[in-house]
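Participant: Model the following, please.
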Amino acid sequence: MSVNDLFLLIVLWAHLVSATAWVGGSIFYLFVLRPALRKSAEGGREINIAAADEFRAMVDTAIFVLLASGIILTFNRLTPGVIGVQYALVLAVKIALSVWMFILARDRRRRTALLEMHRERPTPPSGPLRKVLRALSGYNTLVILGLVVFLLADALDVIFESALNRQ
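Facilitator: Have a look, this model is predicted:
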């Protein structure tokens, strides 16, 4: 294994750990922590705020690592010239969805900060359409997008390996 291969292995590992921590943490929040906090008394609010602060720091680090490692990994795959249009399209979709996740995370922070400043709580959805829209927003959207990005990453690996085998 060359130094270049070792470097790329470390970059890939950092990319995967960061993505897993962010998406996995979001899944934990959505399906474990949030339901548990809803069942608890007023103390759950304090825990939620503390957990959100800690998770926010981890997400900020994950976003930085994902951006830096993603750029390195993209150039590594694009430079040999073995990929085709299919790979480029899937990569473009993966990058677009990742950017959407970054924007959602940032927007969610701003909205949460504004709500805390004014101590207002959003009105729960009343109609079926509003309930569906609420289910597809916030952390739910981050989890869905994160899982789709993981799927696209695996698809990119399959496409890349297939392109290598054709040579």
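Participant: Just give me the longest helix of this structure.
Facilitator: Ranked by residue count under DSSP state H, the longest helix found in the chain is helix 43-78.
Participant: list the buried ones in that one?
Facilitator: Neighbour counts over helix 43-78 (16 or more other C-beta atoms under 10 Å) mark 48, 51-52, 55, 59, 62-63, 65-66, 69-70, 72-73, 77 as buried. Bear in mind the C-beta positions are built from the backbone N, C-alpha and C, glycine included.
Participant: Closest one of those residues to residue 6?
Facilitator: Checking these against residue 6 with C-beta to C-beta, the nearest one is residue 72 at 13.3 Å.
Participant: doesn't residue 11 make contact with that closest one?
Facilitator: Yes: here residue 72 reaches residue 11: they are 5.0 Å apart, a contact under C-beta atoms under 8 Å.
Participant: looking at the protein, which helix or strand is least sure?
Facilitator: helix 128-135 (a mean of 67; mean pLDDT, DSSP states H and E).
Participant: What segments of the protein are helices?
Facilitator: Secondary structure of the chain by DSSP H: the helices cover 3-28, 34-39, 43-78, 85-118, 128-135, 139-166.
Participant: Where among the ones you listed is average confidence lowest?
Facilitator: Here the lowest mean pLDDT among the helices of the chain goes to helix 128-135, at a mean of 67.
Participant: pull the CA atoms of stretch 78-89 into PDB?
Facilitator: Taking Å, rounded to 0.1, in the frame of the first residue of the first chain, the C-alpha atoms of stretch 78-89 are listed here in PDB:
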ATOM      1  CA  LEU A  78     -12.600  12.000 -11.600                       C
ATOM      2  CA  THR A  79      -8.900  12.200 -12.500                       C
ATOM      3  CA  PRO A  80      -8.300   8.700 -13.900                       C
ATOM      4  CA  GLY A  81     -10.800   9.300 -16.600                       C
ATOM      5  CA  VAL A  82     -12.500   6.000 -16.300                       C
ATOM      6  CA  ILE A  83     -15.900   7.300 -15.200                       C
ATOM      7  CA  GLY A  84     -18.700   8.000 -17.600                       C
ATOM      8  CA  VAL A  85     -21.800  10.100 -17.800                       C
ATOM      9  CA  GLN A  86     -23.800   7.800 -15.500                       C
ATOM     10  CA  TYR A  87     -21.200   8.200 -12.700                       C
ATOM     11  CA  ALA A  88     -21.200  12.000 -13.200                       C
ATOM     12  CA  LEU A  89     -25.000  12.300 -13.000                       C
END
